[in-house]
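Trainee: My questions are about this predicted structure, shown below with the sequence.
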Amino acid sequence: MLIGISPLRIGFAGGGTDLEEYHEKYVGQTISATINKFTYVFARLRNDNKLQSLSPDFASYLPPKTYSKIASEQGHEIILSCLKEMKFSKGIDIFFCSDVSPGSGLGASGAMACNIVEVLLKLQNKKLSKKTIALKAYGIGHDVLKWKIGKQDEFGATFGGFNLCTWNKNKVDVKQLSLNKNFLKELEQNSMLFNIGYRGHSSKILEKQVVNIKKSAKAPLEALHRQKEIALEIANSLKKNDLTEFTELLKEGWEQKKKNANGITNRTIEQICKISFLNGANALKVTGAGGGGHMYLIAKPSRHKKIEKALQRLGVKKVPFNFTDQGTRQIELNHI
């Protein structure tokens with residue numbers, strides 16, 4: 001039995017500039033950090049050439065079938081695409097799930113793709129570089145499954161930790177930040193994560209962003225340019241152990257992000273933001289493409305209980321978390 005574990009991430013700034021449509025024309029830049037919420041893949045080789053797959057997240061079960069008899073199976077598209085692209089033909093039992101539901105805004109789909117790719121590589125006794133794995137997982141999502149996605153989720157999941165990524169047309173540069181331990185503790189103590197309570201519609205929102213990029217819409221494009229600057233500035237604030245500057249930049253980044261496309265915010269999200277600020281939040285942002293999912297928030301620890309109680313009345317639940325520097329990894333169990 002092989003267990004794959006791949007972390008989710010919180011994107012601080014620059015999301016949207018990792019879209020191919022943007023960084024084929026301009027240089028993109030994102031800053032994100034992985035957290036101790038994960039996707040999981042449990043895989044075991046079979047003695048025949050059949051595939052059996054179970055996905056509780058999509059409430060979907062695929063009974064043992066030979067590959068030649070499998071077409072498209074709802075809820076198992078990511079598994080089937082990974083198997084095909086990795087040229088994996090051995091019989092396998094595979095179970096995959098996540099700590100969060102689909103549409104979380106925490107990069108679960110990208111993390112899952114990386115997780116499956118790495119598990120299949122391990123079962124084939126093959127090795128690839130982290131960049132190659134991230135690009136392979138991105139290609140499966142973007143080119144095969146036709147997801148509207150950027151690249152930061154796959155790179156965050158594969159590398160783990162705090163990553164400043166620079167996106168060029170034919171090159172990706174990943175700078176891993178090593179934070180001061182005391183500052184990391186301070187950042188965690190001031191951080192909060194909330195489940196807004198409904199799924200975001202990332203594909204639709206990202207499609208709108210792509211349209212805005214292609215037609216060079218002035219306000220959205222200027223906002224994206226500023227967000228990649230903020231990504232670099234946030235990285236510098238983390239290096240300087242400057243929580244005040246980090247907070248101010250996070251706040252500005254959210255205001256800029258809302259200009260990317262319609263649907264990133266809405267009345268419900270604005271109400272949640274308003275209540276958060278009234279109860280002591282200093283900065284916040286909806287994670288991922290927006291429109292729902294999760295919200296990351298900075299506030300003094302003394303304000304946390306007040307914010308949590310106020311948001312509970314709106315059906316918004318706190319999600320305990322810590323940052324983690326571990327990227328995608330595997331655990332091998334020989335007695336199952």
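Mentor: Received it, and whenever you're ready, just let me know what you need.
Trainee: Nearest residue to residue 96 in space, please, no chain neighbours.
Mentor: Once flanking residues are discounted, residue 96 sits nearest to residue 41: 4.9 Å by C-beta to C-beta, 6 or more residues apart in numbering. The way it works is simple: take the backbone N, C-alpha and C, and place the C-beta from them, glycine included.
Trainee: Likewise for residue 266?
Mentor: The nearest residue in space to residue 266 (C-beta to C-beta, 6+ apart) is residue 291, at 6.9 Å.
Trainee: How about the contacts made by the one you found?
Mentor: Residue 291 makes contact with 200-202, 204-205, 263-266, 269, according to C-beta atoms under 8 Å, 6 or more residues apart in numbering.
Trainee: so what pLDDT did the spatially most central residue of the chain get?
Mentor: What sits nearest the mean C-alpha location of the chain, by C-alpha atoms, centre = their mean, is residue 107, with 1.8 Å. Predicted confidence (pLDDT) for residue 107: 94.
Trainee: Verify the stated contact: it with residue 294.
Mentor: No. Contact criterion C-beta atoms under 8 Å: residue 107 and residue 294 do not qualify, at 10.5 Å.
Trainee: Please enumerate the shared neighbours of the two.
Mentor: Shared contacts of residue 107 and residue 294 (C-beta under 8 Å, 6+ apart): residue 288.
Trainee: Could I get the phi/psi values of the residue nearest to the centre of the chain?
Mentor: Residue 107 has phi and psi values of phi 80, psi 30 when expressed as degrees, to the nearest 10.
Trainee: With adjacent residues omitted, what lies nearest to it?
Mentor: residue 153 (3.4 Å).
Trainee: ok, now which ones touch residue 22?
Mentor: Applying C-beta under 8 Å, 6+ apart to residue 22 gives the contacts 16, 28, 167, 213, 224.
Trainee: Wasn't it part of a strand?
Mentor: No. Under the criterion used here (DSSP: H, G, I helix; E, B strand; the rest coil), residue 22 is helix, not part of a strand.
Trainee: Which parts of the chain are strands?
Mentor: Assigned by DSSP state E, the chain shows strands spanning 2-13, 28-45, 50-55, 60-66, 92-98, 162-167, 172-177, 191-195, 281-286, 294-299, 317-318, 329-332.
Trainee: which neighbours does the first one have in its sheet, and in what orientation?
Mentor: Pointing back at strand 2-13 there. Using DSSP bridges, strand 2-13 pairs in its sheet with strand 28-45 (antiparallel), strand 329-332 (antiparallel).
Trainee: Let me know the average pLDDT across the longest one.
Mentor: This means strand 28-45. 98.
Trainee: next one: it to chain centre, how far?
Mentor: Chain-centre distance of strand 28-45: 7 Å, with C-alpha atoms, centre = their mean, to the nearest Å.
Trainee: again, but for stretch 211-225
Mentor: On C-alpha atoms, centre = their mean, the centre of stretch 211-225 falls 23 Å from the chain's centre.
Trainee: Also stretch 221-233?
Mentor: 19 Å.
Trainee: Also stretch 307-325?
Mentor: On C-alpha atoms, centre = their mean, the centre of stretch 307-325 falls 18 Å from that of its chain.
Trainee: mind checking the end-to-end distance for it?
Mentor: From its first residue to its last, stretch 307-325 covers 28 Å (C-alpha to C-alpha, to the nearest Å).
Trainee: tell me which residues in it are buried?
Mentor: 307-308, 310-311, 316, 318-319, 321, 323-325 (16 or more other C-beta atoms under 10 Å).
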